[in-house]
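**Q** Sequence and predicted structure are below.
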Amino acid sequence: MPELPEVEVTRRGVAPHLEQRIVEDVVLRREGLRWPFPPNLRELLVGRQILSTGRRGKYLLIHFEHGVLVVHLGMSGHLRVLPEGTPLKTHDHFDLVVNGPEGRQVLRLHDPRRFGAVLWHGHDDGELAQHALLRGLGVEPLEDGFDGALLYEATRNRNAPIKQVLLSGDIVVGVGNIYACESLFRAGINPKTPAGRIGRARYDKLAEAIRVILADAIVLGGSTLRDFIAVNGQSGYFQDTYFVYDRAGVPCRNCGAPVRQIKQGQRSTFYCATCQK
Ligand SMILES: [Zn+2]
């Protein structure tokens, strides 16, 4: 599943091809994906200028003067910028056609499992932050306001294991399964530890680990881009550098003990029982 770093790399990849461009066409090839497409999207967007791009959690935001196009890549989707006329592939569901110095280009959403989304939030619909999909989201891990103090304060009444609390996304967004496992390893915290029992100093380490790991993944994702067209929707740009994720039974890179795999809430957790207390 595309995680926060992949979505951020996607945003950085498509931004130069979209920002300040005028939308010339919108093509919807089905009724919708996870939710119906806005039926009037063409009327809303054709002739309008894209002001900027942004991201909230794993939602890509394309800002217009009159509202925001909200795009989610679902379980296996990806976006590419292609020359107009590029032949369609199966599962290409949505095109945003823009003009630009390179001629007409197409932002194309490919989504085989159709868990993705293309939604419109007009300025008349109120604050974007209050959108039903966005209002429950925790803070952005790479922005100011995310630190050990926040993790500590927000977990005083949480008895669930720290891994589950990270994955829930209501305190901090973007720490999916891979990044949760790797961050807890880096911070030396056992993933089964109840969140409310972890002290402030350890949360300082965890917040720093989350920041570094997500930032490194974004840099690695960006470094794989010769052109944005090279981006794919696969998870984990830094899979060669995993310490514990997907390494069950393999010696820990730190201490040599075999990495353990357990299930927490239907998801696999990987950790080192020696390095993570
Ligand atoms: Zn170890």
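**A** Nice, thanks for sending it over. Numbers count the residues shown, from 1 in each chain.
**Q** Excluding chain neighbours, what is closest to Asn157?
**A** Gly196 (6.3 Å; C-beta to C-beta, 6 or more residues apart in numbering). C-betas here are computed from N, CA, C, even on glycine.
**Q** Tell me how far the one you found lies from Asn159.
**A** 6 Å (C-beta to C-beta, to the nearest Å).
**Q** Check Glu143 too.
**A** Applying C-beta to C-beta to Glu143 and Asn159 gives a distance of 28 Å.
**Q** and if you look at Ala132?
**A** Per C-beta to C-beta, Ala132 is found 28 Å from Asn159.
**Q** Could you do Leu133 as well?
**A** 27 Å.
**Q** Please apply the same query to Asp124.
**A** Distance from Asp124 to Asn159, by C-beta to C-beta: 42 Å.
**Q** Got phi/psi on the closest residue to the ion within the stretch 1-150 of the chain?
**A** Nearest residue of the stretch 1-150 of the chain to the ion (C-beta to the ion) works out as Gly148 at 22.6 Å. Torsion angles at Gly148 (phi, psi; degrees, to the nearest 10) stand at phi -60, psi -30.
**Q** got it, and the one 4 residues further on?
**A** The phi/psi pair for Tyr152 (degrees, to the nearest 10) reads phi -60, psi -50.
**Q** you'd agree it is up against Ala201?
**A** No - the criterion here is C-beta atoms under 8 Å, and Tyr152 misses it with Ala201 at 9.2 Å.
**Q** rewinding a little: how close does the residue nearest to Asn157 get to the ion?
**A** Distance, Gly196 to the ion, by C-beta to the ion, to the nearest Å: 25 Å.
**Q** before we move on, what about Tyr179?
**A** Counting by C-beta to the ion, the gap from Tyr179 to the ion is 18 Å.
**Q** Next, count neighbours for the residue nearest to that residue when sequence neighbours are not counted.
**A** The shortest distance from Tyr179 to any non-neighbouring residue, by C-beta to C-beta, 6+ apart, is to Ile213 (5.7 Å). Counted with other C-beta atoms under 10 Å, residues neighbouring Ile213 total 25.
**Q** for the one 4 residues further on, same thing?
**A** A count of neighbours around Ala217, defined by other C-beta under 10 Å, yields 26.
**Q** domains in this protein, as residue ranges please.
**A** 4-130, 148-271 (automatic domain parsing).
**Q** Spit out the contact partners of the nearest residue to Lys58 once chain neighbours are set aside.
**A** Distance criterion C-beta to C-beta, 6+ apart; nearest residue to Lys58, sequence neighbours excluded, is Val7 at 4.9 Å. Neighbouring residues of Val7 by C-beta atoms under 8 Å, 6 or more residues apart in numbering: 55, 58-60, 73.
**Q** Okay, and which of those map to strands?
**A** Using DSSP state E, 55, 59-60 are the members of these that sit in strands.
**Q** Correct me if wrong: Cys275 contacts Asn190.
**A** No - when contacts are counted by C-beta under 8 Å, Cys275 is not listed as touching Asn190 (9.3 Å).
**Q** quick one: the helices in the stretch 1-150 of the chain?
**A** Remark: helices assigned in the stretch 1-150 of the chain by DSSP state H, counting those that start in this stretch are 4-18, 41-45, 148-154.
**Q** In what element of secondary structure is the residue of the stretch 51-200 of the chain found nearest the ion found?
**A** With C-beta to the ion, the shortest gap between the stretch 51-200 of the chain and the ion falls at Phe185, namely 7.9 Å. Assigned by DSSP states H and E, Phe185 belongs to helix 177-187.
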